[in-house]
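[1] Predicted model follows, preceded by the sequence.
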Amino acid sequence: MPASPALSARSYNSVLDFKSVPSKGGWIVQKFGGTSVGKFPNKIVDDIIKAFSANNRVAVVCSARSSQTKNEGTTSRLLRAADLASENKDFDALLDIIEEDHVNNAKTFVTNDIKVQEQLIQDSKNELDHARELLKACQIIGEISPRSLDSIMSIGEKLSCLFIAALMQDHGLKSKYIDLSDIIPLNYDFSRGFDDNFYKFLSQHFGSQVLQLDDDVVPVLTGYFGVVPGGLLNGVGRGYTDLCAALVAVGVQADELQVWKEVDGIFTADPRKVPNARLLDSVTPEEAAELTYYGSEVIHPFTMEQVIKARIPIRIKNVENPQGKGTIIYPDNIGRRGEDTPPHPPAAYETLSPNYITSHKKRSATAITAKQDIVVINIHSNKKTLSHGFLAHIFTTLDLFKLVVDLISTSEVHVSMALQISSDQESALRSAVKELRKIGTVDITRNMTIISLVGKQMVNFIGIAGNMFKVLADEKINIEMISQGANEINISAVIDDNDTIRALCSIHARLLEGNYDALSNAVDSRLEALRLS
Ligand SMILES: Nc1ncnc2c1ncn2[C@@H]1O[C@H](COP(=O)(O)OP(=O)(O)O)[C@@H](O)[C@H]1O
Ligand SMILES: N[C@@H](CC(=O)OP(=O)(O)O)C(=O)O
């Protein structure tokens, strides 16, 4: 199967005319998520890594394997095993399940070269023996430090990358497994936190690991990249592999960072929920971050800053459809590496024809997304006048119980907040509400959803929020709370969970599909000013 061409002019040339360019194009960094490694390893190796490495240098970064869902994946299991150890309960059975899963996987997929298979099984067992020792020690001490938790978690990425590196060898590709878990020295100075120097240090070290390899070797790097103060889970959170891949891309000055998923790219809405959702050619990093925060897990938001600074585009692609062009995440006003001029210069508005103005009037919003399992907390202060400590007390309480607010609206003595609460946060929520009752009356509404309309262009439009709420009103969907993000690229409303699909489909139909004009009273203030001048 032929590879999709990489982005840069150099790589396009290499596809079109092999004689006029060096035998290898620039670097492409490919990140594969845990469920993709679990479900489609042969496709990853044969249709993607092999195909792309024919014309480009390729570096691969993988997350821990999940056979079906992330919840039942290796990282989740390792974290559960760590919990069990800290509670002095039996964790061995869970590690046995992880071992059996990886041994079976090796036997199922690595079948051409029995030596490679045996070595993989041995390496995997060694990693899990190490996990057993570590958890035993934690059980004896009676606690798991963030550092130990990080070491346990890292085993997921090690097992996954050992597997992909072995499968590549088994399929005739030269691979090199690279473990990044010890890359941060114990005495690294974190006094300035995760600042630019830290990211620079990481990208340089990742880059040097990769750049020293022979041309025909494909590195497979663990998406877990080392112990950080407070732990990687607290500092970066789940999805840290995206950040790791981004820093590898910066380290090798890649032509493109490819994030491979099980969806063709970023759509105007979740295609599982809105059948008419369209694939988007491109979105800006701000839009991708906003979509991720508000329910469409596109990419870890930390990923973008460093890559974009290095002018490297990110492409979201589908493991099951490698030839699809995917969605590019890149700012619309900065040139990419290898391009002198920005792709869509903002100054272009100055030369717009009236036709352009009319046809682009429709592009006010980019996508609609939904975040479910939302609880709304309403707090009425029991003081008659505004108390200085009112808001401070609320935020201190939320911080204490590690609860994160997605939306907030306030008046002097009344605060409404929307928070996503997973089942393991229920007791934290109960404790927080008990504490909050000390400063006022508190009521909570469950089973809610946040619907967010996202689009960088929305900032220029007058009336778009009105249109969104009119659609909900026409559908007789009750709105519990409204909020517009400070960056003005997100308009959100909290609604009943049962109305989610109806709200998504109707807003999509009226504001993101062809018949937008039917409702249009939103006006692009910049384009109108140009038209009237
Ligand atoms: N706007 C959107 N565009 C694309 N996918 C979306 C969107 N909103 C939600 N999704 C969902 O996000 C999921 C992302 O793909 P997946 O490969 O499963 O993620 P991961 O690699 O993080 O496991 C898809 O199942 C898709 O249905
Ligand atoms: N394995 C880790 C890190 C990660 O990045 O996962 P994924 O790429 O599958 O989102 C996790 O599950 O959190």
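    Yep, it's here. Ligands and ions are numbered 1, 2, ... in the order given.
[2] contacting residues for the closest residue to Leu512 other than its chain neighbours?
    Leaving aside its sequence neighbours, Leu512 sits nearest to Thr268 (CB to CB, 6 or more residues apart in numbering; 4.8 Å). C-beta: built from backbone N, CA, C; applies to glycine. The neighbours of Thr268, taking CB atoms under 8 Å, 6 or more residues apart in numbering as the test, are 274, 277-278, 280, 366-368, 508, 512.
[3] can I assume Gly33 is in contact with Trp260?
    Yes: at 7.1 Å, Gly33 counts as touching Trp260 under the criterion of CB atoms under 8 Å.
[4] returning to what we had before: same list (the contacts of Thr268) but as TSV, adding neighbour count, distance to ligand 2 and pLDDT.
    Compiled in TSV, the contacts of Thr268 are given as follows (neighbours: other CB atoms under 10 Å; distance: CB to the nearest ligand atom, whole Å; pLDDT from 0 to 100):
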residue	neighbour count	distance to ligand 2	pLDDT
Val274	23	23	97
Ala277	21	21	96
Arg278	14	24	95
Leu280	19	21	96
Thr366	23	23	94
Ala367	27	20	96
Ile368	31	23	97
His508	25	26	96
Leu512	24	27	92
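[5] want to throw those into JSON lines with distance to Met304 and secondary structure?
    JSON lines is the format used below for these (distance: CB to CB, whole Å; DSSP: H, G, I helix; E, B strand; the rest coil):
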{"residue": "Val274", "distance to Met304": "25", "secondary structure": "coil"}
{"residue": "Ala277", "distance to Met304": "22", "secondary structure": "coil"}
{"residue": "Arg278", "distance to Met304": "22", "secondary structure": "coil"}
{"residue": "Leu280", "distance to Met304": "16", "secondary structure": "coil"}
{"residue": "Thr366", "distance to Met304": "16", "secondary structure": "coil"}
{"residue": "Ala367", "distance to Met304": "16", "secondary structure": "strand"}
{"residue": "Ile368", "distance to Met304": "21", "secondary structure": "strand"}
{"residue": "His508", "distance to Met304": "25", "secondary structure": "helix"}
{"residue": "Leu512", "distance to Met304": "23", "secondary structure": "helix"}
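[6] so which of the residues you listed would you say is closest to Ile328?
    Closest approach between these and Ile328, by CB to CB: Leu280, at 9.0 Å.
[7] name the helices or strands packed onto the one helix or strand Leu202 maps to?
    If you go by DSSP states H and E, Leu202 is part of helix 196-211. Judged by 3 or more CB pairs under 8 Å, 6 or more residues apart in numbering; DSSP states H and E, helix 196-211 is in contact with strand 218-222, helix 240-251.
[8] and it, average pLDDT?
    Average pLDDT, helix 196-211: 94.
[9] What of stretch 484-499?
    Rounded mean pLDDT across stretch 484-499 is 89.
[10] Dig out what the residue of the stretch 301-450 of the chain found nearest ligand 1 forms beta bridges with.
    Going by CB to the nearest ligand atom, ligand 1 is nearest to Ala367 of the stretch 301-450 of the chain, at 5.2 Å. Counting by DSSP bridges, Ala367 is bridged to Val454.
[11] re earlier: how far away is the residue nearest to Leu512 from Arg278?
    Distance, Thr268 to Arg278, by CB to CB, to the nearest Å: 5 Å.
[12] overlap in contacts of these two?
    In terms of CB under 8 Å, 6+ apart, Thr268 and Arg278 are both contacted by the residues Leu512.
[13] Check the burial of Lys273 by counting its neighbours.
    16 (other CB atoms under 10 Å).
[14] That one and ligand 2: what is the separation?
    20 Å (CB to the nearest ligand atom, to the nearest Å).
[15] Might you enumerate the residues of the stretch 201-350 of the chain proximal to ligand 1?
    The stretch 201-350 of the chain has residues 261-263, 266-267, 269-272, 291, 296-297 near ligand 1, with proximity defined as CB under 6 Å from any ligand atom.
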